[in-house]
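> using only what follows, build the 3D model:
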Amino acid sequence: MTTIRDVRNAVRPLIERRDDLFSMGRFVFIKPVRHILRGVHFESRRDPKIFGSRLSVQSLVPALPEFGLGWGERFYPTDQEGRVLGSGWDAGDPEMVSQMLDTAEEVLAQLHAIDTFDDYHSYLSGLQVPWIASPTIELSEVMNHAMKGEFASACEKLESSDRSLKHLNTLTPRFHKALQAEDRAEVAQILHDWEAATVKTYKIGKFWERTPFPLELR
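Just a heads-up that it's a prediction; the model follows:
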């Protein structure tokens, strides 16, 4: 399988020509990071010379204690006739690696449009199985309402989803209570703490800009 070093070496030309991108592990992300990670992930395959690739979009909240691949579809190389080559990108073929970087640059440009939480939720809602699952959409709805200070709607969505409620209670039991109490300061603090935890997981602190949530701007 390809290594993180292989990924780093392969994407270096892209990073060098774009000052709005950075590489971290198997990811290339857009910087600065504010609330939402937007990038691509270069997967390992059984073949040691092949890269897989997929879009990777992920909200920083709720906290992610472990790396997640993010949400997004795979993208593949094509031959001269435009036919998709599902086998992946050959790391030993300079022409194919160049095509991989050009394609990654194109899809990353599209991800710049995901700028708000509404954009993020719309993006998730537009994905299909196996790239997304309904519990993820449900949790996104809760977070979207909470981050905008729409506490009644956030509570309603949360209390109608046993899986989301269990997950958030495991992370931070006081979050549900803060929503119920419409405690704006407490909800904001929890959201910031969650973001900081995810940033630590991904080791992207120098690329992250702590930014107010919409509920703090009202």
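
> residue 146: which element?
Secondary structure assigned from DSSP states H and E places residue 146 in helix 134-147.

> buried stuff in that helix?
By neighbour count with 16 or more other C-beta atoms under 10 Å, helix 134-147 contains the buried residues 136, 138-147. (Each C-beta comes from the backbone N, C-alpha and C, glycine too.)

> go through these and name the one nearest residue 182.
Within these, proximity to residue 182 (C-beta to C-beta) peaks at residue 146, which comes in at 10.8 Å.

> for the closest one, give me its contacts.
Contacts for residue 146 were tallied using C-beta atoms under 8 Å, 6 or more residues apart in numbering; they are 154, 179, 187, 191, 215.

> residue 96 now?
Residue 96 makes contacts with 77, 89-90, as judged by C-beta under 8 Å, 6+ apart.

> mind putting the residues you listed in JSON lines, secondary structure included?
Conversion of those to JSON lines gives the following (DSSP: H, G, I helix; E, B strand; the rest coil):
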{"residue": "77", "secondary structure": "coil"}
{"residue": "89", "secondary structure": "strand"}
{"residue": "90", "secondary structure": "strand"}
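
> quick one: which of those residues is most hemmed in?
Comparing the contacts of residue 96 by number of neighbours (other C-beta atoms under 10 Å), residue 89 comes first, having 26 neighbours.

> element containing residue 58?
Under DSSP H and E, the secondary-structure element containing residue 58 is strand 50-59.

> what average pLDDT does that strand get?
Averaged over strand 50-59, pLDDT sits at 96.

> now do stretch 199-215
The predicted model assigns stretch 199-215 a mean pLDDT of 97.

> could you check the angle the helix or strand encompassing residue 199 makes with strand 50-59?
Taking DSSP H and E as the definition, residue 199 sits inside helix 184-202. Going by axes from the mean of the first three to the mean of the last three C-alpha atoms, to 10 degrees, helix 184-202 is angled at 170 degrees with respect to strand 50-59.

> how far away from the center of its chain is helix 184-202?
Helix 184-202 has its C-alpha centroid displaced from the chain centroid by 16 Å (C-alpha atoms, centre = their mean, to the nearest Å).

> contact partners of that helix?
Helix 184-202 has contacts (C-beta under 8 Å, 6+ apart) with 24, 33, 35, 37, 60-67, 146-147, 149, 151, 171-172, 174-175, 178-179, 205, 208, 210, 212-213, 215-216.

> rerun at 7 Å
The list of residues contacting helix 184-202 from outside it, by C-beta atoms under 7 Å, 6 or more residues apart in numbering, reads 24, 60-67, 146-147, 149, 172, 175, 178-179, 205, 208, 210, 213, 215-216.

> so where do the helices sit in this protein?
Assigned by DSSP state H, the helices in the chain fall at 4-17, 94-111, 117-126, 134-147, 151-159, 162-171, 174-180, 184-202.

> from those helices, which stretch is densest packed?
Per residue and on average, the most neighbours among those fall to helix 134-147, with a mean of 20 (mean count of other C-beta atoms under 10 Å).
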